[in-house]
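Colleague: missing the sequence, but the structure's below:
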């Protein structure tokens with residue numbers, strides 16, 4: 001169990017994290033902590049990719065360099081400081097609480113794949129990281145949905161759906 005002034009975090013018998021909080025800040029702190037403990041590798045991996053630093057931290061291949069160039073070009077983290085400044089104070093408090101919780105989680109458990117195997121050292125989670133990862137998740141979901149729609153359209157054409165029905169649908 002992990003205790004803070006605003007929340008208690010414990011696991012059920014099935015291993016699910018349960019957060020009991022006195023306020024919204026405590027809930028966001030608990031969620032950040034839980035994510036860092038259970039999904040720390042995923043969080044940091046997405047941050048590394050979103051920053052375009054995979055070649056530095058993960059793999060020095062030409063393929064990774066192209067992925068870095070792509071993510072730097074689309075600039076998911078480019079305006080996060082400006083976007084943070086535009087948030088309402090309550091929204092900013094929640095992002096700060098999430099980051100504090102994530103940092104407490106990383107202080108307790110660092111993903112060994114990154115720290116021991118690759119020598120990664122930047123386990124400090126910032127509100128800007130959350131903003132970038134949210135954008136990255138949205139971008140990936142949009143690209144995935146577009147690919148699914150394109151496959152559906154192709155399958156419909158291959159299966160002989162008439163042009164009139166396709167025009168009506170699209």
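Modeller: Looks like it came in fine. Predicted model, so just to flag it, every value in this text is computed and none were measured. Numbers count the residues shown, from 1 in each chain.
Colleague: please identify the helix or strand for the spatially most central residue of the chain.
Modeller: Most central in the chain under C-alpha atoms, centre = their mean is residue 133, positioned 3.8 Å from the mean C-alpha point. Using DSSP states H and E, residue 133 sits in helix 127-158.
Colleague: do you know the pLDDT at residue 62?
Modeller: Note on residue 62: pLDDT of 92.
Colleague: what of residue 169?
Modeller: 73.
Colleague: just the strands in this structure please.
Modeller: Listed in chain order, the strands of the chain (DSSP state E) span 2-3, 7-11, 17-21.
Colleague: reformat these as a markdown table; add distance to residue 100.
Modeller: (C-beta placed from N, C-alpha, C; glycine too.) Output for the strands of the chain, formatted as a markdown table (distance: least, C-beta to C-beta, whole Å):
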| stretch | distance to residue 100 |
| --- | --- |
| strand 2-3 | 12 |
| strand 7-11 | 11 |
| strand 17-21 | 13 |
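Colleague: pipe those strands into a markdown table and attach mean neighbour count per row.
Modeller: What follows is those, written out as a markdown table (neighbours: other C-beta atoms under 10 Å):
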| stretch | mean neighbour count |
| --- | --- |
| strand 2-3 | 14 |
| strand 7-11 | 17 |
| strand 17-21 | 15 |
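Colleague: mind telling me which of those the model trusts least?
Modeller: strand 2-3 (a mean of 58).
Colleague: re earlier: so what's the closest residue to the residue nearest to the centre of the chain other than its chain neighbours up against?
Modeller: Take residue 133 and drop its neighbours on the chain: the residue closest to it by C-beta to C-beta, 6 or more residues apart in numbering is residue 46, 5.0 Å away. Listed by C-beta atoms under 8 Å, 6 or more residues apart in numbering, the contact partners of residue 46 are 133, 136, 137.
Colleague: before we move on, what about residue 40?
Modeller: 105, 106, 109, 110, 111.
Colleague: one more: residue 101?
Modeller: Residue 101 touches 28, 29, 30, 31, 32, 33, 34, 35, 36, counting by C-beta under 8 Å, 6+ apart.
Colleague: for it, which non-adjacent residue is closest in space?
Modeller: Nearest one to residue 101, counting by C-beta to C-beta, 6+ apart, is residue 32 at 2.9 Å.
Colleague: gap between that neighbour and residue 76?
Modeller: Residue 32 sits 20 Å away from residue 76, taking C-beta to C-beta, to the nearest Å as the criterion.
Colleague: tell me how many other residues crowd residue 76.
Modeller: Per other C-beta atoms under 10 Å, the neighbour tally for residue 76 reads 22.
Colleague: that one reaches residue 139, doesn't it?
Modeller: Yes - applying C-beta atoms under 8 Å as the test, residue 76 and residue 139 come out as touching, 6.9 Å apart.
Colleague: nothing else from me, thank you.
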